[in-house]
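Trainee: quick check, what structure comes out for this input:
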Amino acid sequence: MFAILLAAIGLSVYVGKDFLPYLDEGSIWIQTQMPPGISLEKASEMSTILREKLKNFDEVTYVMSQTGRDDDGICPFAASHAEVMVGLKPYKTWKKGRRKADLIADMAAMIETMPGYNVGFTQPIIDMVMEQIAGAHSDLSIKIYGEDMTESRRIAELVKKLVEDIQGAADVTIEQPPSTPQLQIVANREKIAQYGLNIADVAELIEVAIGGKAISQVFIGERVYDVICRYTDISRDTPEKIGALMLTSGSGAMIPLSTVAEIKTTTGANMISREMNLRYTAVSLNLRGRDLTSFTNEAHSIIEQQIKYDHTKFQIRWDGQLENQQRAYSRLALLVPVTLAMMFLLLFFTFGKFRQAGLLVGMLPLAIFGGMLALVLRGMTFNVSSAVGFIALFGLSIQNGVIMLSHINILRQRGKELKQAVIEGASHRLRPMMMTATVAILGLLPASLATNIGSDVQRPLATVIVYGLMFSTIITLYLLPILYYLMEKRQLRSSEKV
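Mentor: Below you'll find the model as predicted:
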């Protein structure tokens, strides 16, 4: 009962802690959104300014940036989007007590003073993984599905405004840039037919005049180059000049483009994202100082209560780390019970008594409490790495219990009384249990304290084993013999009454 009570306290302290992405300690990846519609030259200039500012931090070794889409065209970014890679010096060269989270906070505060920049901090590998899984460059992505882009944008703006005020939200942004000015040429088919033209004539004129069209080829050695024909900039830089472009009818008459088409300026979507054949607008955000489950529950409740929209035409879906968390939970929900069941069966085959096997399994909450307490004190979260550490901790804790109970049973078989067998068995097995625990603790202690590149994966696992085993071993040395004595004494009394 005491073990179960301690475990309950540990669970209540740690409730809500979830799976969070691992961070590569050696770098920072910054997704930068600049004002939409700016030229590539202006965007490159802003990227250069950002690089120079970031290089001023003492912890930074190098800064690289890529403006617009990459050469392979894998990422459909506009010219206003830039990806910035920041390399970091080893932690041992940093000021004492300064952490990576402090550096990111200082960078974010500095960028907030620079107008025109909207950034999100992430890591190179997890950024690529999340891009492939959820189509987002952040921990969470709130996607609004719907065909009406104007209404989707309105809902996304409201979601962004609400989420920004929730504790733990950081780097909140709308993935798709806002609407940009567009020039529309709407052909009038009736007038086109009236003048003896067809729609292909209008399309060809627009293609040649504005976009350019290959009319020939030039061979230079083994290479072939297209000869592009396009009107000069001075003849197509305003809607009026484009409307004055001439079409030639079958009779040779010259007809202005504005006669057979409506030319107007308007605004339209800068980028249209699709998933499952549905248009969507995404609000992306990162979490800092907040667990995933409690934040998602709070944000979902606020959005459903305060945003009014047509649920038959629009759907809001959460993607990103939440999806990974749910998948990991489902696997652990199967793995942990199977592991405990196998342990119980092996213990039963070892002792031949259900009560003794149940006693050792009942001591596992002590290990859980110690591991969770260590995670809380060190500011870590329950993730896949720490979950594996708990499974390994179960085995080490059970091993210590087997060492003690098996020796006590042997002493009882040799004719020792229950009380004397418990006292001698506990004292005889003190040294073996301490040696087993000490080897594991000292072996994994450096890993639990490591801060080098890649240590984020091993640190939660080692922390759970080191401190959980330390706690459970000390308690087991005193509590397990007492519980064993009380349980076996009660069993002897029951046998005597029968």
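
Trainee: tell me how far E41 lies from A328.
Mentor: 45 Å (CB to CB, to the nearest Å). The C-beta positions use only the backbone N, C-alpha and C, and glycine is treated the same way.

Trainee: domains for the chain, by residue range?
Mentor: 2-16+352-497, 25-122, 180-268 (automatic domain parsing).

Trainee: tell me the centre residue of this structure?
Mentor: D139 (3.3 Å; CA atoms, centre = their mean).

Trainee: need the winner for burial among the domains of the chain.
Mentor: domain 2-16+352-497 (a mean of 18; mean count of other CB atoms under 10 Å).

Trainee: could you give the separation of it from the chain centroid?
Mentor: Centre-to-centre, domain 2-16+352-497 and its host chain are 33 Å apart (CA atoms, centre = their mean, to the nearest Å).

Trainee: average pLDDT for it?
Mentor: For domain 2-16+352-497, mean pLDDT rounds to 79.

Trainee: oh, and call the first residue 33 from now on, that's how I've got it
Mentor: OK, 33 is where the count begins now, so the last one is domain 34-48+384-529.

Trainee: coming back round to it: may I ask you to confirm that the residue nearest to the centre of the chain is in contact with L317?
Mentor: Yes: at 6.9 Å, D171 counts as touching L317 under the criterion of CB atoms under 8 Å.

Trainee: which parts of the stretch 283-432 of the chain are strands?
Mentor: Secondary structure of the stretch 283-432 of the chain by DSSP state E, counting those that start in this stretch: the strands cover 286-288, 293-300, 305-307, 310-319, 347-352.

Trainee: quick one, which of those gets closest to L428.
Mentor: strand 310-319 (32.3 Å; CB to CB).

Trainee: could you list the buried residues of the closest one?
Mentor: R311, Y312, T313, A314, V315, S316, L317, N318, L319 (16 or more other CB atoms under 10 Å).

Trainee: list the contacts for the residue lying closest to the first one once chain neighbours are set aside?
Mentor: What it means is R311. Once flanking residues are discounted, R311 sits nearest to E179: 5.6 Å by CB to CB, 6 or more residues apart in numbering. Neighbour list for E179: L310, R311, K345 [criterion: CB atoms under 8 Å, 6 or more residues apart in numbering].

Trainee: count the residues that sit near the last one.
Mentor: Using other CB atoms under 10 Å, K345 is surrounded by 12 other residues.

Trainee: roughly how far does the closest residue to it other than its chain neighbours sit from I335?
Mentor: Spatial nearest neighbour of K345, chain neighbours left out: G178 (5.6 Å); criterion: CB to CB, 6+ apart. Per CB to CB, G178 is found 15 Å from I335.

Trainee: and the residue nearest to the centre of the chain, what are its phi and psi?
Mentor: phi -60, psi -40 (degrees, to the nearest 10).

Trainee: and L215, by the same measure?
Mentor: The phi/psi pair for L215 (degrees, to the nearest 10) is phi -110, psi 120.
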